[in-house]
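Trainee: please work out how this folds:
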Amino acid sequence: MEKETESNTSYYSLSTSVQQSKIGKEMEIYSLSTQPSKMESFSGENSDAMDKEKALSRSRKKGGLITMPFIIANEAFEKVASYGLLPNMIFYLMRGYNISFAKGNNILFLWSAATNFMPIVGAFLADSYLGRFLTICLGCIFSLLGMIALWLTAMIPGAKPQSCNLIPPCESARSEQLGLLISSFGLMSIGAGGIRSASMAFGADQLDNKENPANETVLERYFGWYYAATSISVLIAFTGIVYIQDHMGLKVGFGVPAILMFLSALLFFLASSLYIKHKASRSLFTGLAQVVVTSYKNRKLAIPPMDSSWYHHQKGSRYTLPTDRLRFLNKACILRSPQDVTPFGVAIDPWSLCTVEQVEELKILIRVIPIWSAGIMMSINTSQSSFPVLQASSMNRHVTSNFQIPPGSFVMFMIITITIWILLYDRVILPLASKIKGEPVHIGTKARMGIGLFLTGISMVVSGIVERVRRRKAIDQGFLNNPHGLVEMSAMWLVPQYVVAGLAEAFNAIGQVEFYYSEFPKTMSSIASSLFGLGMAVANLLASAILSTVDKYTKGEGEESWVSSNINKGHYENYYWLLAIMSFVNLIYFILCSWAYGPCADEVKKEDDSGIEDKQMEERSTRPPGTPIRPGTPLRVMPA
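Mentor: You can find the predicted model right below:
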């Protein structure tokens, strides 16, 4: 369930982006190719560089390590607060608002979709208009308001209908009652979009200093601490906050996250005077939109000969001529008249003339889309987190005679699996395999993505088998009409499906993000980080559609829906197996897309005097093949 709103972050959203620390500088550089600059009085780029140096020297007294506790604490507290609300939310909807399991799950799917999509909007606003500092500030305010609104639904007696535990007749929630609940979800989604889209990059802004010889090391350590704080906060959310909700009630359980969110915002605001606050610049999203608009405007133009004098390109760019792929987009960079550009080579109207680089960036994005779409099925499976929570609540969860694991905390086994695998893969498995083989061993990004897609199908098969056994035991023990009955079966039987799902995430999510970063040029790092979140948002919407379709067509007169609110009358195992079949069909689709795509950056051999295509492939890579992905990889272990 938690994974739904991440949809499912697992990594945590392991969210929100990789190498976002470089986005600010890249956007500034990129903007030179799309708008005239008043600072280019004698050499354009040199003038702009001098202006940046002056701004950098003025801000040198700000930023630095002293700001790190405030920024990292802000993100960590926000995650503890928001993720802590998710695991038991399906119970709150079913028992507090008398909403069926299928309808409640659909509400959570839509909430997850909004939470995963809003960081994309937040990134655009931060890059283009608001700047990162203001974006985070607004995110904190909206998140706090949303959590307070949710807490009020538990505190005010008339804020929800009289509970009936879904035993008819049940009073339906009134529109104003649902309105307060949905408003709280919406406010928290907007807040997550503000904080998660800019927090990591804003922290990197405080440390990024080209004059420092150890700049890369400093940033690497920052990413490590940021990742560690995020991981710990998620574990605390799925254990500590869930435990409080189970043992102290939702009034306290919803109140604690609100208090933590208040502390998160307060700490961030207190350090306002210490931060380096870069102004917003032109967003890469805008540049890609300009290519689409301009190519449409120029649709009637004939494609000129492949001569650089016919095409507008940025000075010093390796892209001087467009490729033959998607040739209709080449019309966006056709230079019709010398008057279309300034004396410094900048387009007077960026919505009428784009650079070759802009055109090629859009082509790369379009080329990656099929492989990106194959990863959506992974997020659909991960977003089904409400099902195992309901299963765990009906099983024996005792670890000792006095302690039992809360139903919403079992997802921690998935997070632990991912963490252990990442450590073993980078530090044990690859070094050992390289030593045995006598040369560096590296599993390509597409291969890892494929392995992950295969494992996610296996995890659905395992989930179906475990549920089939659980349901049979429940019926044999007389709980067919009692969904709250405790089956004499250990909930630890759910651990294998979480472990397999965790391995699937570790292979696919990390491989997917690394694939984007190796295939896209550095100027598209914001797009690379946004694609993952967009995929999770689309997956949440598709998961909702699949669930609604299954609920509609599997119930009838005398027939219980596969996803019935009564877990013992339903057939959750059939639903799991349907997802497994879809997963294996999707794996075939991925293989075909991977074959059609051709070799990617980490598959191209690096040879001296290699062809132009090889060189471009190498240049697109942001790091050597085999280098572990930087901390901050968004995984779907959590919602949003």
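
Trainee: where exactly do the strands run in the stretch 101-250 of the chain?
Mentor: Counting by DSSP state E, counting those that start in this stretch, no segments of the stretch 101-250 of the chain form strands.

Trainee: so where's it shaky on pLDDT?
Mentor: Judged by pLDDT under 70, the stretch 101-250 of the chain has its weakly predicted residues at 165-168, 216, 220, 224, 227.

Trainee: how about the helices in it?
Mentor: Secondary structure of the stretch 101-250 of the chain, counting by DSSP state H, counting those that start in this stretch: helices at 101-125, 132-155, 175-207, 215-236, 242-248, 250-270.

Trainee: ok, now the stretch 301-450 of the chain?
Mentor: 356-374, 376-382, 386-393, 412-424, 430-437, 445-476.

Trainee: hey, which of those is tucked in deepest?
Mentor: When you average the neighbours per residue for each of the helices of the stretch 301-450 of the chain (mean count of other Cβ atoms under 10 Å), helix 376-382 leads with a mean of 28. The C-beta positions use only the backbone N, C-alpha and C, and glycine is treated the same way.

Trainee: output the contacting helices and strands for it.
Mentor: Using 3 or more Cβ pairs under 8 Å, 6 or more residues apart in numbering; DSSP states H and E as the contact criterion, the neighbours of helix 376-382 among helices and strands are helix 445-476, helix 495-519, helix 525-553, helix 572-597.

Trainee: let me know the average pLDDT across the third one.
Mentor: Averaging pLDDT along helix 525-553 yields 86.

Trainee: in that helix, what counts as buried?
Mentor: Of the residues in helix 525-553, 525-544, 546-548, 550-551 count as buried by neighbour count, 16 or more other Cβ atoms under 10 Å.

Trainee: repeat that for the shortest one.
Mentor: Residues of helix 495-519 classed as buried under the neighbour-count rule (16+ other Cβ under 10 Å) are 497-519.

Trainee: now do the residue nearest the centre of the chain against V293, distance only.
Mentor: Here the mean C-alpha position of the chain is nearest to the C-alpha of G533 (Cα atoms, centre = their mean), at a distance of 3.3 Å. Relative to V293, G533 is positioned 25 Å away (Cβ to Cβ, to the nearest Å).

Trainee: one more: K473?
Mentor: Between K473 and V293 the distance, using Cβ to Cβ, works out to 61 Å.

Trainee: likewise R325?
Mentor: Spatial separation of R325 from V293 under the definition Cβ to Cβ is 20 Å.

Trainee: the two - which one has more neighbours?
Mentor: Here R325 and V293 are compared on neighbour count by other Cβ atoms under 10 Å; more neighbours surround V293, at 15 against 12.

Trainee: quick check: that one touching P350?
Mentor: No - at 9.7 Å, V293 does not count as touching P350 under the criterion of Cβ atoms under 8 Å.

Trainee: sorry, back to before: of the helices of the stretch 101-250 of the chain, which is nearest N402?
Mentor: Between N402 and these, the shortest gap by Cβ to Cβ is with helix 242-248, which sits at 12.5 Å.

Trainee: quick check: phi and psi at V487.
Mentor: Its backbone dihedrals place V487 at phi -70, psi 140, with angles given as degrees, to the nearest 10.

Trainee: same question, the one 5 residues further on
Mentor: When read as degrees, to the nearest 10, the backbone of M492 gives phi -70, psi -10.

Trainee: number of residues surrounding the spatially closest residue to V461 that is not a sequence neighbour?
Mentor: Distances taken as Cβ to Cβ, 6 or more residues apart in numbering place A580 nearest to V461, at 4.8 Å, with adjacent residues excluded. The burial metric for A580, expressed as a neighbour count using other Cβ under 10 Å, is 20.

Trainee: if I look at A580, how far off is G598?
Mentor: With the distance defined as Cβ to Cβ, A580 ends up 30 Å from G598.

Trainee: same thing with L326?
Mentor: Note on L326: its distance to G598, by Cβ to Cβ, is 15 Å.

Trainee: of those two, who's got more company?
Mentor: With other Cβ under 10 Å as the criterion, L326 and G598 differ in neighbour count, and L326 comes out ahead with 15 against 9.

Trainee: name the nearest residue to that one, ignoring sequence neighbours.
Mentor: Of all residues beyond its chain neighbours, the one nearest L326 is K363 (5.2 Å), with distances taken as Cβ to Cβ, 6+ apart.

Trainee: one more: A81?
Mentor: Once flanking residues are discounted, A81 sits nearest to P257: 3.8 Å by Cβ to Cβ, 6+ apart.

Trainee: ok, the one you found - contacts?
Mentor: Contacts of P257 were listed using Cβ atoms under 8 Å, 6 or more residues apart in numbering, and they are 80-82, 84-85, 147, 241.

Trainee: got the helices and strands packed on helix 376-382 as JSON lines, with distance to L266 columns?
Mentor: Shown next, in JSON lines, are the helices and strands packed on helix 376-382 (distance: least, Cβ to Cβ, whole Å):
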{"stretch": "helix 445-476", "distance to L266": "40"}
{"stretch": "helix 495-519", "distance to L266": "32"}
{"stretch": "helix 525-553", "distance to L266": "27"}
{"stretch": "helix 572-597", "distance to L266": "43"}
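
Trainee: of those, which is nearest I380?
Mentor: Distances from I380 to each of the helices and strands packed on helix 376-382 were compared using Cβ to Cβ; the shortest belongs to helix 525-553, at 4.7 Å.

Trainee: quick one: that closest one to helix 495-519, angle?
Mentor: Angle, helix 525-553 to helix 495-519, by axes from the mean of the first three to the mean of the last three Cα atoms, to 10 degrees: 140 degrees.

Trainee: against which helices or strands is helix 525-553 packed?
Mentor: Checking 3+ Cβ pairs under 8 Å, 6+ apart, helix 525-553 ends up next to helix 2-6, helix 23-31, helix 101-125, helix 284-297, helix 356-374, helix 376-382, helix 495-519, helix 572-597.

Trainee: recalculate using a threshold of 7 Å.
Mentor: helix 23-31, helix 101-125, helix 356-374, helix 376-382, helix 495-519 (3 or more Cβ pairs under 7 Å, 6 or more residues apart in numbering; DSSP states H and E).

Trainee: out of these, flag the one nearest M414.
Mentor: Proximity of the helices and strands packed on helix 525-553 to M414 was assessed by Cβ to Cβ; the nearest stretch is helix 495-519, lying at 4.1 Å.

Trainee: any idea of the mean pLDDT for the closest one?
Mentor: 88.

Trainee: same for it, what does it pack against?
Mentor: Other helices and strands packing on helix 495-519, by 3+ Cβ pairs under 7 Å, 6+ apart, are helix 356-374, helix 376-382, helix 412-424, helix 445-476, helix 525-553.
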